[in-house]
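Peer 1: Sequence first, predicted model second:
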Amino acid sequence: MNIEIKNLNDFFKEKSLKIIEFFILALVLFYFLIPQFVYSQQTISVDFSKKVQKKESIAGFLHFNDLTPLDKNIRTLKPRYWRVGNALHDKTKRTQQIKLLHSYHITPILVLTDFFAGTEDNWGKPFLKQQKFSDLVKNLYLENGNQVIYDLWNEPDTDSWGGSQEQFFQTFKIAHDVIRSLPGGKNAVITGPGTSRFNEDFIMNFLKYCNSNNVRVDILNWHEGGILKDVLNVQTNIRTAEKWIKEFPKVGIKKIFIPEILWHTEQFNPAAVFAYLYVIEKNGASGACKTCWDTPAEFGGNTCWNNSMDGILDPQGNTRSVWWAYKLYADSLDKRLTSSSTESIMNIPYLDSDNNFSMIITNISHVDLAKLDIDLKNMNSGIINRNGSQTLKLYEITNTNEKPLKSPKLLFEIPFSLSSNNKIIHLKNIAYNKMYYLLVSKRK
């Protein structure tokens, strides 16, 4: 009898273990499969009854040698900012090139210590030569007045600075005081601290110093040299910075600016460029300049100094795939439509110059999307021409890295009707880390 009871206990014990194992397996499957299912299908709504909006570009570039050969690309891409320094040490050239920037309605950003470095060996330390630095700042302001933004130092939280935080803050104040003391200087636009990343301790200490020492900063800035998976961190950083700005109203910060975006591994990636522009614009920052980097020697050596607009062109002036990210972003500015918000599928719907429905799409969800529905609502609003036969085209902006890309890759083209008031576009296989362009236009 005892033996039978023991065997019965073992039987129930074994069954209990199997039940526990089953529930553990079920939880694991739920944890991994449910997110896959959620991300495998998404819906975006576009409401044509909402007012079409005109947007200002936030796009900018870093460094150039000569703007003249870039004329066609500048007019096409419509950048709003250009951050300059090392290549414009010569005053005659600098004056001429800055005049050209203004003719394109581009705001120049002068990195003051780039010009100081040009007068010294190995990036001279302005905190050791304060009078010389003061004279340089004075001359640059008298030369440019309030037609440029003054970015006082590039990445003072790195070894290139060569001094302490306190020395940087004091040097920043020297430049600030020189500019503010000159005629018109109270209205000059000064930005900083220009850290290499969202360095919270450094930026907070900078704000405290400015607040205590009567330093007025118009634009708060830091660099975001990240990769695609980091893009939502930029959103978090901007929101954190906005809270800090409210804590220090005396400093006078009116805007946030990102002077450099993207890590070198992403410099040719159109999906990453679009994602960063999208997040930075959506969260209210006023601009973002593309960082330039070293590249393999056979393709040009360094995109800062080969006049390639930070690598969106090859050294011969041919467009790379990343160029198309800036081209489509520029095309979207005049007639933006309103779409539902989603963090995993970044999208900008708009009407192109011919009033065709267009949309830029990038999937950052870390998994390929099996199905994406685009729900077009209230198309009888009159803002889009629905007469005649239509065709729907989907293009992929294939990441060709340093190789040229003359045009996007057409994935498919099908007949499509916009005759009804509401319509759903069904897309399949929207891959992670790729950029797409959708177009509904009159059939030719």
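Peer 2: Right, received. Where do you want to start?
Peer 1: While we're on the residue nearest to Phe412 when sequence neighbours are not counted, how confident is the model there?
Peer 2: Spatial nearest neighbour of Phe412, excluding adjacent residues (CB to CB, 6 or more residues apart in numbering): Leu394 at 5.7 Å. Yep, even glycine has a C-beta here, placed from its N, CA and C like the rest. Note for Leu394: predicted pLDDT of 98.
Peer 1: Check the secondary structure at Leu394 for me.
Peer 2: Secondary structure assignment for Leu394 (DSSP: H, G, I helix; E, B strand; the rest coil): strand.
Peer 1: Bridged to it, which residues?
Peer 2: Beta-bridge pairing of Leu394 under DSSP bridges involves Phe412, Leu438.
Peer 1: I'd guessed it sits against Leu438; true?
Peer 2: Yes. With contact defined as CB atoms under 8 Å, Leu394 reaches Leu438; the gap is 5.4 Å.
Peer 1: quick one: common contacting residues for these two?
Peer 2: Residues touching both Leu394 and Leu438 (CB atoms under 8 Å, 6 or more residues apart in numbering) are Leu427.
Peer 1: Could you pull up the residues touching His426?
Peer 2: His426 neighbours (CB under 8 Å, 6+ apart): 371-373.
Peer 1: related to what we said a few turns ago, next up, the contacts around the residue nearest to Phe412.
Peer 2: 410-412, 427, 436-439.
Peer 1: again, 7 Å this time
Peer 2: 411-412, 427, 436, 438 (CB atoms under 7 Å, 6 or more residues apart in numbering).
Peer 1: Any figure for the gap between Ala175 and Asp159?
Peer 2: Separation of Ala175 from Asp159 (CB to CB, to the nearest Å) stands at 21 Å.
Peer 1: higher neighbour count, those two?
Peer 2: Ala175 (26 against 7; other CB atoms under 10 Å).
Peer 1: Surely the more buried one touches Leu152?
Peer 2: Yes. At 4.9 Å, Ala175 counts as touching Leu152 under the criterion of CB atoms under 7 Å.
Peer 1: any residues in contact with both of those two?
Peer 2: With contacts taken as CB under 7 Å, 6+ apart, Ala175 and Leu152 have Leu112 as neighbours in common.
Peer 1: Please report how far the closest residue to Arg94 other than its chain neighbours lies from Thr295.
Peer 2: Leaving aside its sequence neighbours, Arg94 sits nearest to Leu88 (CB to CB, 6+ apart; 4.0 Å). From Leu88 over to Thr295 the distance is 22 Å, taken as CB to CB.
Peer 1: Would you map the helices across the chain?
Peer 2: In the chain, helices defined by DSSP state H lie at 2-40, 71-77, 91-103, 112-117, 130-144, 165-181, 200-212, 231-247, 270-282, 321-331, listed in chain order.
Peer 1: Mind checking those for the one nearest to Pro193?
Peer 2: In terms of CB to CB, the element of these nearest to Pro193 is helix 200-212, at 4.5 Å.
Peer 1: Please list the residues outside that closest one that contact it.
Peer 2: So helix 200-212 is contacted by 157, 165, 169, 192-193, 195, 217, 222, 244, 248, 250-251 (CB under 7 Å, 6+ apart).
Peer 1: Looking at it now, give me its mean pLDDT.
Peer 2: 98.
Peer 1: Asp114 against Arg83, yeah?
Peer 2: No. Using CB under 7 Å, Asp114 makes no contact with Arg83, being 9.4 Å away.
Peer 1: Compare those two (neighbour count), which wins?
Peer 2: Using other CB under 10 Å as the criterion, Asp114 and Arg83 rank with Arg83 on top: 26 against 20.
Peer 1: Ala241 versus Gly284, what's the distance?
Peer 2: For Gly284, the distance to Ala241 equals 10 Å [CB to CB].
Peer 1: Which one's more surrounded, these two?
Peer 2: Legend: neighbour count by other CB under 10 Å for Gly284 and Ala241, higher for Ala241 (21 against 12).
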